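Chemist: Could you look at this predicted model? Sequence included:
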Amino acid sequence: MLEIGNTLVSLDLAERFFCCDINACLGQCCIEGDAGAPITEAERDSIDSLLPVVEPLLLPSAKERIAEAGTSYVDEEGDLVTQIVDGRNCVFTCYAPGGICQCALECKHSEGLTGGFRKPASCALYPVRLTEYESFTAVNYHRWDICRPAEKNGKRLGIRLYQFLRGPLTEHFGEEWYAELCEACEAYLAEYGH
């Protein structure tokens, strides 16, 4: 583990290669799993306020689900998560040609229509997952079979996980934290040669 401020960062961020290959995986992380994306209450409030903006992109079943039960719920583990429909889709999933999953929130963000909100941090940071403890935050790599193309692509391109997630990690933890992470990862790799 690497200790950066009040976080403990898995060595996987330094050791693992990773770069999403959306044409290979088709964005399955938006539609696989047994619950929606973890969100904070503040993110839920932002998402709720953006419903009129993103609604035109949503699947009919997603619109119905949101009308019935809202944009989020508390799952079996006690986490606030986005609603899912059809037994798999996050309610904010929309599809590009070729069946590639996209996030309606992120699509509207790219058009400059969301007031700066891109998507939940758990989605932006994926495949990294954060676990909050009383005195620190654990920063871990969530390994999933659907991300094998991203691991192969990262290795081919020479991009480590911490490098791939530069933007989201910086946005979440700040420039100073990310610079310290880079320094720690580079020192670790130089010493242990992974």
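Modeler: Structure received.
Chemist: For the helix or strand of the chain with the lowest mean pLDDT, buried residues please.
Modeler: Least confident helix or strand of the chain, by mean pLDDT, DSSP states H and E, is helix 22-25 with a mean of 81. By neighbour count on 16 or more other C-beta atoms under 10 Å, the buried set for helix 22-25 is 22, 25. For the C-beta atoms, the positions are set from N, CA and C on the backbone; glycine is no exception.
Chemist: That one: what's the following helix or strand?
Modeler: Per DSSP states H and E, helix 22-25 leads on to helix 41-49 as the next helix or strand towards the C-terminus.
Chemist: For that next one, C-alpha coordinates in CSV please.
Modeler: Only the C-alpha atoms of helix 41-49 are listed here, as CSV (Å, rounded to 0.1, in the frame of the first residue of the first chain):
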residue,chain,number,x,y,z
GLU,A,41,-26.5,12.3,-1.4
ALA,A,42,-25.0,15.4,-3.0
GLU,A,43,-24.5,13.6,-6.3
ARG,A,44,-28.1,12.3,-6.1
ASP,A,45,-29.3,15.9,-5.7
SER,A,46,-27.3,17.0,-8.7
ILE,A,47,-28.6,14.1,-10.8
ASP,A,48,-32.2,14.8,-9.8
SER,A,49,-31.8,18.5,-10.8
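Chemist: ok, the residue most central in space within the chain - contacts?
Modeler: The centre of the chain sits closest to C123, judged by C-alpha atoms, centre = their mean, with a distance of 2.0 Å. Neighbour list for C123: 30, 37, 103 [criterion: C-beta atoms under 8 Å, 6 or more residues apart in numbering].
Chemist: Swap in 6 Å and give it another go.
Modeler: Contact analysis of C123 by C-beta atoms under 6 Å, 6 or more residues apart in numbering lists A37.
Chemist: That one in helix, strand or coil?
Modeler: Secondary structure, DSSP: H, G, I helix; E, B strand; the rest coil: C123 is helix.
Chemist: Spell out which helix or strand contains T114, please.
Modeler: Counting by DSSP H and E, T114 is part of no helix or strand.
Chemist: ok, it touching E106?
Modeler: No. Counting by C-beta atoms under 6 Å, E106 is not a contact partner of T114; they are 8.6 Å apart.
Chemist: In terms of packing, which of these two has more residues around it?
Modeler: Neighbour count, other C-beta atoms under 10 Å: between T114 and E106, T114 has more, with 21 against 18.
Chemist: how about the residue nearest to that one when sequence neighbours are not counted, what does it touch?
Modeler: Take T114 and drop its neighbours on the chain: the residue closest to it by C-beta to C-beta, 6 or more residues apart in numbering is K108, 5.2 Å away. Taking C-beta under 6 Å, 6+ apart as the criterion, K108 is in contact with 53-54, 114.
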